[in-house]
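1. Sequence unavailable; structure follows:
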Ligand SMILES: Nc1ncnc2c1ncn2[C@@H]1O[C@H](COP(=O)(O)OP(=O)(O)OP(=O)(O)O)[C@@H](O)[C@H]1O
């Protein structure tokens, strides 16, 4: 169990990136959802002990990892949002190098681990190619492979599916799902569907603050029966007790989703509430009572 209590982080230029963040993470996948600049990467880096918070406490199974970062580092796999690979070196050689850096000193154990992570990420047949020549999807799978070296119990994935085509995205979803069966996985993204597909638990981060946290389904369950979809309306043309959540396009036609206890306007139909509706509700600062 990884426990974060009252984590605060302000950067030297005065930007408050994390504001009293408290979270509890157990086995399985927890999604961290937030818009650009919400503080997701700051939180990931803090948990990965790559930066220290100004205050607060992080414990892994009751042990303080801010005082003893090595306790977590030895059990941690981290896939940062942006990572580089050395040119002119094969996938196998790079994994070998990273495994040594991770402290896998026994050559035979190292070989076994590398074979395992290559197989898990479906990269075995590409082991002798250079990751610098990989496609975006293969590179992300390589990122997952290096994170899995050392069989970590805690995995942090920062925006792992950004830039992937739909087939690669689904392939990575399956891989992340398999990995999370026996491990604690924290998945950060602003792609709501990724969280909805993968994460049984979700936290929503806005301006450095956790505004909602719990079972993913329970976060949007209160909105069921209150979401209406119809042609685009100016907020002023909707009844006063309704809230415009989102405006988008479907097959080139403008579509609005509205939170309301009754049908807000002509041509609106009730639709199933989604995590995205819940996300927009928080993004617009609507009170829970609005649901
Ligand atoms: N090293 C830094 N120095 C100063 N400000 C920073 C630094 N890193 C991040 N920030 C600021 O802290 C806030 C949170 O940034 P962070 O990168 O954690 O957000 P994010 O949710 O990961 O965003 P994105 O989805 O765009 O990656 C932003 O206002 C950002 O500009």
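-> Perfect, thanks for sending it. Keep in mind that what you see is a predicted model, and the values were worked out from it rather than measured.

2. Just give the number of residues close to residue 82.
-> Residues near residue 82, counting by other Cβ atoms under 10 Å, number 8. Just so you know, the C-beta spots here come from the backbone N, C-alpha and C atoms, and that holds for glycine as well.

3. distance of it from the ligand?
-> Separation of residue 82 from the ligand (Cβ to the nearest ligand atom, to the nearest Å): 9 Å.

4. Over to that residue. Which of the three states is it?
-> coil (DSSP: H, G, I helix; E, B strand; the rest coil).

5. ditto for residue 92
-> helix.

6. quick one, what contacts the closest residue in space to it that isn't next to it in sequence?
-> Nearest residue to residue 92, sequence neighbours excluded (Cβ to Cβ, 6 or more residues apart in numbering): residue 127, at 4.4 Å. Residues near residue 127 by Cβ atoms under 8 Å, 6 or more residues apart in numbering: 90, 91, 92, 118.

7. those helices in the protein, which residues are they?
-> 40-47, 69-73, 91-101, 107-120, 136-148, 166-179, 192-198, 216-220, 275-283 (DSSP state H).

8. give me the low-pLDDT residue ranges for this protein?
-> Residues of the chain meeting the criterion pLDDT under 70: 233, 235-236, 288-291.

9. Flag every residue of it that's near the ligand.
-> Counting by Cβ under 6 Å from any ligand atom, the chain comes close to the ligand at 11, 13, 15, 17, 34, 36-42, 81, 190.

10. Restricted to buried residues, select those in PyMOL.
-> Under the burial definition 16 or more other Cβ atoms under 10 Å, those of the residues of the chain next to the ligand that qualify are selected in PyMOL by:
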select buried, resi 17+34+38+39+40+41+42+190
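
11. Show me which pair in the residues of the chain next to the ligand is furthest apart.
-> With Cβ to Cβ as the measure, no two of the residues of the chain next to the ligand lie farther apart than 13 and 190, at 22.9 Å.

12. count of residues packed around residue 107?
-> When neighbours are counted by other Cβ under 10 Å, residue 107 registers 11.

13. make that residue 21, sorry
-> 25.

14. Tell me if I'm right that it and residue 55 touch.
-> No: the pair residue 21 and residue 55 fails to qualify as a contact (Cβ atoms under 8 Å) at a distance of 10.8 Å.
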